[in-house]
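Engineer: Give me the fold of what follows.
(chains A, B, C, D, E and F)
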There are 6 protein chains.
Amino acid sequence: MGMSRDFDLITFGEVMLRLSPRGYERLSSCEVFDKRAGGSELNVAAGAALLGVRTGIITKLPENDLGKYIKNEIRFEGVSDDYLIYDKTSDARLGVYYYEAGAAPRKPSIVYDRKGSSFTSIRLDEIPEDVYGKTRMFHTSGISLALCKETRDTAVELIRRFKKAGALISFDCNYRANLWSEEEARKTILSILPYVDVLFVSEETSRRMMQRTGELRSIMKEYTMEFPIQYVCTTQRTVISPKQHDFTSVIYSSKDDTYYTEEPYKAIDVVDRIGSGDAYVAGALYGLLRYGDARKALEYGNATSSTKNTIPGDLPQSDLREIDRIIRGHKNGSTSELNR
Amino acid sequence: MGMSRDFDLITFGEVMLRLSPRGYERLSSCEVFDKRAGGSELNVAAGAALLGVRTGIITKLPENDLGKYIKNEIRFEGVSDDYLIYDKTSDARLGVYYYEAGAAPRKPSIVYDRKGSSFTSIRLDEIPEDVYGKTRMFHTSGISLALCKETRDTAVELIRRFKKAGALISFDCNYRANLWSEEEARKTILSILPYVDVLFVSEETSRRMMQRTGELRSIMKEYTMEFPIQYVCTTQRTVISPKQHDFTSVIYSSKDDTYYTEEPYKAIDVVDRIGSGDAYVAGALYGLLRYGDARKALEYGNATSSTKNTIPGDLPQSDLREIDRIIRGHKNGSTSELNR
Amino acid sequence: MGMSRDFDLITFGEVMLRLSPRGYERLSSCEVFDKRAGGSELNVAAGAALLGVRTGIITKLPENDLGKYIKNEIRFEGVSDDYLIYDKTSDARLGVYYYEAGAAPRKPSIVYDRKGSSFTSIRLDEIPEDVYGKTRMFHTSGISLALCKETRDTAVELIRRFKKAGALISFDCNYRANLWSEEEARKTILSILPYVDVLFVSEETSRRMMQRTGELRSIMKEYTMEFPIQYVCTTQRTVISPKQHDFTSVIYSSKDDTYYTEEPYKAIDVVDRIGSGDAYVAGALYGLLRYGDARKALEYGNATSSTKNTIPGDLPQSDLREIDRIIRGHKNGSTSELNR
Amino acid sequence: MGMSRDFDLITFGEVMLRLSPRGYERLSSCEVFDKRAGGSELNVAAGAALLGVRTGIITKLPENDLGKYIKNEIRFEGVSDDYLIYDKTSDARLGVYYYEAGAAPRKPSIVYDRKGSSFTSIRLDEIPEDVYGKTRMFHTSGISLALCKETRDTAVELIRRFKKAGALISFDCNYRANLWSEEEARKTILSILPYVDVLFVSEETSRRMMQRTGELRSIMKEYTMEFPIQYVCTTQRTVISPKQHDFTSVIYSSKDDTYYTEEPYKAIDVVDRIGSGDAYVAGALYGLLRYGDARKALEYGNATSSTKNTIPGDLPQSDLREIDRIIRGHKNGSTSELNR
Amino acid sequence: MGMSRDFDLITFGEVMLRLSPRGYERLSSCEVFDKRAGGSELNVAAGAALLGVRTGIITKLPENDLGKYIKNEIRFEGVSDDYLIYDKTSDARLGVYYYEAGAAPRKPSIVYDRKGSSFTSIRLDEIPEDVYGKTRMFHTSGISLALCKETRDTAVELIRRFKKAGALISFDCNYRANLWSEEEARKTILSILPYVDVLFVSEETSRRMMQRTGELRSIMKEYTMEFPIQYVCTTQRTVISPKQHDFTSVIYSSKDDTYYTEEPYKAIDVVDRIGSGDAYVAGALYGLLRYGDARKALEYGNATSSTKNTIPGDLPQSDLREIDRIIRGHKNGSTSELNR
Amino acid sequence: MGMSRDFDLITFGEVMLRLSPRGYERLSSCEVFDKRAGGSELNVAAGAALLGVRTGIITKLPENDLGKYIKNEIRFEGVSDDYLIYDKTSDARLGVYYYEAGAAPRKPSIVYDRKGSSFTSIRLDEIPEDVYGKTRMFHTSGISLALCKETRDTAVELIRRFKKAGALISFDCNYRANLWSEEEARKTILSILPYVDVLFVSEETSRRMMQRTGELRSIMKEYTMEFPIQYVCTTQRTVISPKQHDFTSVIYSSKDDTYYTEEPYKAIDVVDRIGSGDAYVAGALYGLLRYGDARKALEYGNATSSTKNTIPGDLPQSDLREIDRIIRGHKNGSTSELNR
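Structural biologist: Sure, this is the predicted structure:
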């Protein structure tokens, strides 16, 4: 899938500072925050980079010590920092979100403080012209469309330009009710679907925000009939408790008119659920970029997402060797209890 | 329930320093202690304060840096420090208890070091005369009766004076075999039941220490027939493992001769079980003080207790917004997996 | 000084979340933030409360878990939460600042992220009318004037109303070049000096922003000749290294036309310099409120400020017993090396 | 079982530095390592010492700060440091292993860095001649045979000399495929079985490395028919998830031709699985050394192993009082939820 | 000095739990305590053990997890646990002290909570009869005399019995005004000086509590003229700031009527001052036990005490190799800046 | 200085895992290690990268989780991972060193465990042929020559090939007596000096290992007369205490036959001295690569080295903005005490 270029995957989105109490401590009383980087499109780029995909991210950071921290983390994750833009204005700020883990019957919770972040001031003319021809695939999500007018306009235009330059377009709906209305989201997303090759959309989002009805499989196929979409991917998470989930997904491939599925990963020990959807995207795109194969996309996506749940922080940390071992374990049943 | 006063609830009891190893480390080898405040009657006052009840505590603290720490924590929790008494003698000391978490098949364990604490020297004449008319309700527990003669005499006389001044009396049996004998406990508690309006007593305590027989519901009703008690509350905890409990309760209301119950909270992720009984009292008293309604008492008590299990430390940390959300989730089933 | 009221001191100002790396770790690479509360006017209220002054703060906080944290810390510090206002809008946010310690030749550094915080939306009509008659003294600083038009208008009007209601007015210039220009600052401050009883101003601010010339003592006296100011307080810090300072101050009292001074505290071990200026204000106001005596103000201010430098975080933690011991040690030379 | 001597049990084996990330953090990104001591034969000696057995260990450590740390830990655990040998060469090094916890579907993993450690240079003539007559029992494991020629020769000769001096010989196969081949292991182990009194061997090792076939019970008995072995012990672990195991064992006693078994410990909360096999050996040997009774060996072994799973680190931390309480709980069902 | 025995040095004294905030955090607000063991006579035994002296301690501990922790630490330090006595009563408790570091102008401070500890119930008949003949030297301090009548009687009788059995007696006045009056101390100490061979006494204690006058050297010599004391050791500490001290000492040897002195250690970086006096005793006794030489005693005492100031906790951690290196550096000036 | 290429600076050397106790804790008793990456030539590359130089490193890492960690840190630091070589053999290991901070009179100390690390197996044919033409400058140090024959041969041949390909050669003698003898070092270094353009050598190394005599300035100039060296750089550190140093340097430039010097940085607060020599190299090379100017080299080298002392870990963390600010402060005297 795709041709030879400098990058396999370039993503576009906001990177935030994530602050969380340790263990089960709470935002309103904890004494210490674990400090991490996070953001849907960085999570995708980092997850794919860990599997061997050459990735970069287009984002905008404040030119201060916090922006420098994010840049360092992006590099630590193996993602290129070639397309980072720095905000040197006195209003420059890094968006922050506060995340607190849950324990039944108490759910995890998030407080966002991202309004007016440097990313929301990004403009197309800040992005180097030469980026469009450099990558086999471009990915962004509904969050970048939702944040504000500037990011929406930029994201839509990026999709157009990358498409025009021959890149495949991947899009994750990632609908967030606290960022925009269902109507606004639907309208905007419908306007970009003509450019999309790989679509990630949850069943709930298809039904509520996208107002689709009928069986899940029909809904998935419909997208490819209305738009020139090649793959529609829908994850299926069963929340047993905040600390235990089951996970699998369905991928519909229009080329061979086939629905790909596999047995769910059962009884996942959920250490940190945030970013597991993005890890799915990373794994699935790896399958498509490396093998051009929906079954591989399914297997890698299910494995990377399941495994991400066991990792603290937004960002995945599993390389190809680990994911391959987990896929083997999932298929064959485990033979050992410890990797020595 | 009750009239308008400065406080809704004043409690009486010892506040201790609680020291515990991190995670699953052990008292005999850990290098660091997490330092917290705890004590049954403070836990009740703090839990109620979080829900919006105006609470205070009568206790006695050493006038040193540790006493100051406890005072600060009491205020941090939203409880009034108006009725703190300071021990300025050279024998002043803060009681300590050491708590170690369990993991099946190893149970949690506690080492107490509270003998001769400043609280055990509290005398009635140290307590300001004007406190009796200031609150709608007074609460204490069997621990205050058990510690020593001074605290017993003070507690009994406080019950009498608050009752006389028109406050409702809440009492939690909270029987601790390491503090007094069953016979001594029974005799003392029987002597105060004539003053009690709201009684908290576990089934095991009713049967063993209080020597009641027959069905639980009959036992609960009997208390209200022998004494002018309005509500008898009995919690029902099922210990699946040190890390997983189910929880519900029964409240018998003598006024309408009704037993209130609801479906248990299932598969609670137990992070720290200490203080969950006190959190129940806090929630139930909130239901009575705010709504004068046994069903509300039941729902709030079950929710505050279940949720406390997920919080490190003795003290609850859930405000009304969180508890209301958890009650809704319990009644309707959860609709989302994350509070954004 | 002043009459009998519910409060001795009410302050007005922003409270922020302060995040700092541990030890000498850096913002751009640390893994963990120590989480604290801070803000000039809270620091003053907390420092005074520790000495026994009844204090409160007027401020505005987001109604989320972070606002709740700040409220709890305000109470922990012994400051009243009676005048906290909550921002329930979806734009509600808590200002944040990031602080990194220095080590010669590297200076400490701060990154502010306070734009658009809930405090900046505070309006006079949100503040209860009855507050004006409740306190003997009101204090605010140049930061509250500088943040934005809303806070400036509110601060100026508060000064007028408290003055009218008979409270003494304390004002700390606290000029911050990153918040406003010297001209804007000078003009605004000149407009409020007619209301001020106690003025805190550094020599550098007097000379640069206030454009005064001549000897320091003349400058200090001039303020009291141009305006009905009773006391002018100017601190004198000598920075030997980021980890070692000397400190003293001068107070000019117009009533007896006297300059009060004392020997500097030498070789202070600077653990955390932030908030030591506010601690000075707290100590000096304590001297005035309790004794109405400029010498006491000087001695308490110098001691509280010197001691604050040894405490991590913005907020002082020294009670009257400790400060009195330090004053004695400063006057007499130490006799012991350890407080047992 | 055995006669009166200075020691009840002396073991021989390598002690390593164990470094592990906290919680679920990962080797490739964590910032901090928890530092502990570990090694199969030390784990056995320490576990037995906790139960009251007088134990020592023969090992070789670098004469540097890390060797000193290990010596201190050996003493902390209650094991004698009489037979520690120090490597003063410039090549002296302490073996290290890195351990990362798992969470389903991700398994725990270990990176070894023990090549060329000081222990691998141990020679028989470094060990004091008088040790052989000082103990009732000697224990070592297949790891000591596998590490290198020096340790193998030394271990084999130690077995012979202790046997000759009248000590009982305990041996744990502990087969590690990353250290030696099945063939080499089988050949070496067969050569020492004529000296062994107590044999620990897993079912999988019996079948694969030892090439036994048939029912487990027959396999166990066969060892005692081919060699003068008194007891064969085989543990039975069921891995439900990385965080939950069931555990029991079978002991075959040739003297009374009996298979001892008991109900498994169910739903063990696995905090740290490493060393639970060694803890089993410690408990079983305690049963034999103290009571000479295979049922006691079974009960103590099952209890110490199950409990070890709940303890962070390689080394057990449960004394006799705790283990006896757990055995009572296992037999009778728990009566309380907390040890007060 | 002394004959061949099992032990070189046995000490008698209380061991406590020491709890301290991290860094410059404070008792009244810190969240975490570092947990350590401490006590003057354990500090002496541990310091001497590190230098190669065979040491033990006679003390009494509660038979609970905290007593077990102290036992483990005693062993970790290389001190024998042969003479530990366990308190199995329900009143058993471990004494605690809370220590907070200082920073100029704020001094370090300590809160004791040791009343009624298990040690205060120690009786002579609990101590094995055979201990008296087992050691070359016995050491205790004024703290053991001061705690209560039981410990005083026991300490005095131990001094008599060890002396009678041929051991040398070492005694450190260690006067603590918060434990007993000067008069009581003087009377008691005078009653034991006839048994003492090595006396540690500060100049201040000689002058105030012991009511000696004149030059320090005359005072020191007088002790040996009034009593059959061989060595009088007086430390000389200059407190530049809580974080910087100078240190040296004088030893008077009656045998050769000589005062031994050396240049002070200058500009010691004081990390934790507690226990540095005990470390001095350890070093000096090592010099006497190993070399019978007052100059060696002086050099080792000065080095161990100076170095202890740089170590967190009460207990020294410097072995002979390190102390020898520090003595060489002190004598010759340093030649390198780093030990590689 | 130099022509346009992909990289400005490529270095060659070993990267190790650095483990150190927190604060003043000790290797022999600490519970936790801070985990960092370090190694002289990485430190140089990272320091230069922070200033804006495009750098890479040639090194060899084990293909395991620890090698992955080092790779991530290399990227985090802004250094290219293009020339990392992975050791896939079963003997692969990462060198480790343990570092403990000092406090007067106790020096910092290091325990090395680097024998047989993957780096010591590096061979020239593993390094891509195309690297030689890609950089303007190549740097290595005496450590790479000293480790073993493989690394020496590789380093010498790299110097030759880079030189031949037109790169400038920078070499830091960095003599370590624990790695090789003075004679071996001298002989080897003399053999490469004909290729060197920039030489870093301390005065002590010049005198002892290199056996030079006379005044320092003459010694420096002699090197350039015997070999075609352009710049000789010698640092001058004055160790006041483990926590306070003064620092400056001399650079001799043969082109203009000039010695460049400046006033020392005084009273540097030494947080972590390791790597400050490498930071000097980084700063000096930046001055040469960016400006081709010895004065700039001197100023940047002195500033980066002084500042590195204030940073925990081997690796510098100061970017150009910070270093420029520190140079200004050094030249002009500070004007503010805090960077806001």
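Engineer: how much space between the residue in the stretch 51-200 of chain A positioned nearest to chain D and chain C?
Structural biologist: The minimum distance from the stretch 51-200 of chain A to chain D, using CB to the nearest CB, falls at A:Phe76 (7.7 Å). For every residue, glycine as well, the C-beta is placed using N, CA and C. Using CB to the nearest CB, to the nearest Å, A:Phe76 is found at 10 Å from chain C.
Engineer: isn't that residue right up against F:Glu73?
Structural biologist: Yes. Here A:Phe76 reaches F:Glu73: they are 7.3 Å apart, a contact under CB atoms under 8 Å.
Engineer: Which of these two has more residues huddled nearby?
Structural biologist: It is F:Glu73, of A:Phe76 and F:Glu73, that has more neighbours when counted by other CB atoms under 10 Å in any protein chain shown, with 25 against 20.
Engineer: and that one, what is it in contact with?
Structural biologist: Applying CB atoms under 8 Å, 6 or more residues apart in numbering or on different chains to F:Glu73 gives the contacts A:76, F:36-37, F:315.
Engineer: Can I get those in a markdown table including pLDDT and distance to B:Glu183?
Structural biologist: Below are those laid out as a markdown table (pLDDT from 0 to 100; distance: CB to CB, whole Å):
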| residue | pLDDT | distance to B:Glu183 |
| --- | --- | --- |
| A:Phe76 | 93 | 66 |
| F:Arg36 | 97 | 63 |
| F:Ala37 | 97 | 67 |
| F:Leu315 | 96 | 69 |
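Engineer: Quick one: which of these is the most crowded by neighbours?
Structural biologist: Taking other CB under 10 Å as the neighbour criterion, F:Leu315 ranks highest of those with 29 neighbours.
Engineer: Would you map the helices across the stretch 101-250 of chain A?
Structural biologist: A:142-146, A:149-164, A:182-192, A:203-207, A:216-226 (DSSP state H, counting those that start in this stretch).
Engineer: What does A:Ile58 show for phi and psi?
Structural biologist: phi -100, psi 120 (degrees, to the nearest 10).
Engineer: now it: how far from F:Ser28?
Structural biologist: Going from A:Ile58 to F:Ser28 by CB to CB, to the nearest Å gives 50 Å.
Engineer: In terms of pLDDT, where does A:Ala45 sit?
Structural biologist: According to the prediction, A:Ala45 has pLDDT 98.
Engineer: For it, which residues are in contact?
Structural biologist: The neighbours of A:Ala45, taking CB under 8 Å, 6+ apart as the test, are A:9-11, A:55-57, A:77, A:79, A:139, A:282.
Engineer: Okay, and the spatially most central residue of chain A sits in which element?
Structural biologist: Centroid-nearest residue in chain A: A:Asp278, 2.9 Å away (criterion: CA atoms, centre = their mean). Taking DSSP states H and E as the criterion, A:Asp278 maps to helix A:276-291.
Engineer: Against which helices or strands is that helix packed?
Structural biologist: strand A:7-12, helix A:40-50, strand A:135-141, strand A:168-172, strand A:198-200, strand A:231-241, strand A:244-253, helix A:294-308 (3 or more CB pairs under 8 Å, 6 or more residues apart in numbering or on different chains; DSSP states H and E).
Engineer: which of the residues in that helix are buried?
Structural biologist: By 16 or more other CB atoms under 10 Å in any protein chain shown, the buried positions in helix A:276-291 come out as A:276-290.
Engineer: cool, and stretch A:164-179?
Structural biologist: For stretch A:164-179, burial by neighbour count (16+ other CB under 10 Å) applies to A:167-176, A:179.
Engineer: Dump those residues to a markdown table, plus pLDDT and distance to chain C.
Structural biologist: A markdown table is the format used below for the buried residues of stretch A:164-179 (pLDDT from 0 to 100; distance: CB to the nearest CB, whole Å):
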| residue | pLDDT | distance to chain C |
| --- | --- | --- |
| A:Ala167 | 97 | 33 |
| A:Leu168 | 98 | 35 |
| A:Ile169 | 98 | 32 |
| A:Ser170 | 98 | 30 |
| A:Phe171 | 98 | 26 |
| A:Asp172 | 98 | 24 |
| A:Cys173 | 97 | 22 |
| A:Asn174 | 96 | 20 |
| A:Tyr175 | 96 | 17 |
| A:Arg176 | 93 | 13 |
| A:Leu179 | 94 | 11 |
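Engineer: Now distance to E:Asn64 too, for those, in a markdown table please.
Structural biologist: Formatted as a markdown table, the buried residues of stretch A:164-179 follow (distance: CB to CB, whole Å):
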| residue | distance to E:Asn64 |
| --- | --- |
| A:Ala167 | 68 |
| A:Leu168 | 66 |
| A:Ile169 | 66 |
| A:Ser170 | 61 |
| A:Phe171 | 62 |
| A:Asp172 | 56 |
| A:Cys173 | 58 |
| A:Asn174 | 54 |
| A:Tyr175 | 56 |
| A:Arg176 | 53 |
| A:Leu179 | 55 |
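Engineer: Closest to B:Val32 out of those?
Structural biologist: For the buried residues of stretch A:164-179, the closest approach to B:Val32 (CB to CB) belongs to A:Arg176, at 39.1 Å.
Engineer: tell me which parts of the stretch 51-200 of chain A are close to chain F?
Structural biologist: A:68, A:72-73, A:75-78 (CB under 8 Å from any CB of the partner chain).
Engineer: List just the nearest of the residues you listed to chain C.
Structural biologist: For those, the residue nearest chain C by CB to the nearest CB is A:Lys68; the value is 4.3 Å.
Engineer: re the thing from before, return the most buried member of the helices of the stretch 101-250 of chain A.
Structural biologist: Stretch with highest mean neighbour count among these: helix A:142-146 (a mean of 25; mean count of other CB atoms under 10 Å in any protein chain shown).
Engineer: So which other helices or strands are in contact with that helix?
Structural biologist: helix A:40-50, helix A:149-164, helix A:182-192.
Engineer: circling back: out of the contacts of F:Glu73, which is nearest to F:Phe200?
Structural biologist: Closest to F:Phe200, out of all of those and judged by CB to CB, is F:Leu315, at 18.1 Å.
Engineer: now that closest one, nearest residue through space, not along the chain?
Structural biologist: F:Ala46 (5.0 Å; CB to CB, 6 or more residues apart in numbering or on different chains).
Engineer: wait, what's in contact with the nearest residue to A:Leu338 once chain neighbours are set aside?
Structural biologist: Nearest-residue entry for A:Leu338: D:Pro108, 5.1 Å, with adjacent residues in sequence omitted and distances by CB to CB, 6+ apart. By CB under 8 Å, 6+ apart, D:Pro108 lies in contact with A:337-339, D:99-102, D:242, D:273-274.
Engineer: now A:Ser336
Structural biologist: D:Lys107.
Engineer: Kindly report the same for A:Phe119.
Structural biologist: By CB under 8 Å, 6+ apart, the contact set of A:Phe119 is A:13-15, A:59-61, A:95, A:147, A:151.
Engineer: Just those: which are in strands?
Structural biologist: Judged by DSSP state E, the contacts of A:Phe119 include A:59-61 as members of strands.
Engineer: Give the PyMOL command for selecting the buried subset of those residues.
Structural biologist: Buried subset of the ones in strands among the contacts of A:Phe119, written as a PyMOL selection, criterion 16+ other CB under 10 Å:
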select buried, chain A and resi 59+60+61
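Engineer: Of the ones in strands among the contacts of A:Phe119, which is the nearest to chain F?
Structural biologist: Chain F has its nearest neighbour among those in A:Leu61, at 13.9 Å by CB to the nearest CB.
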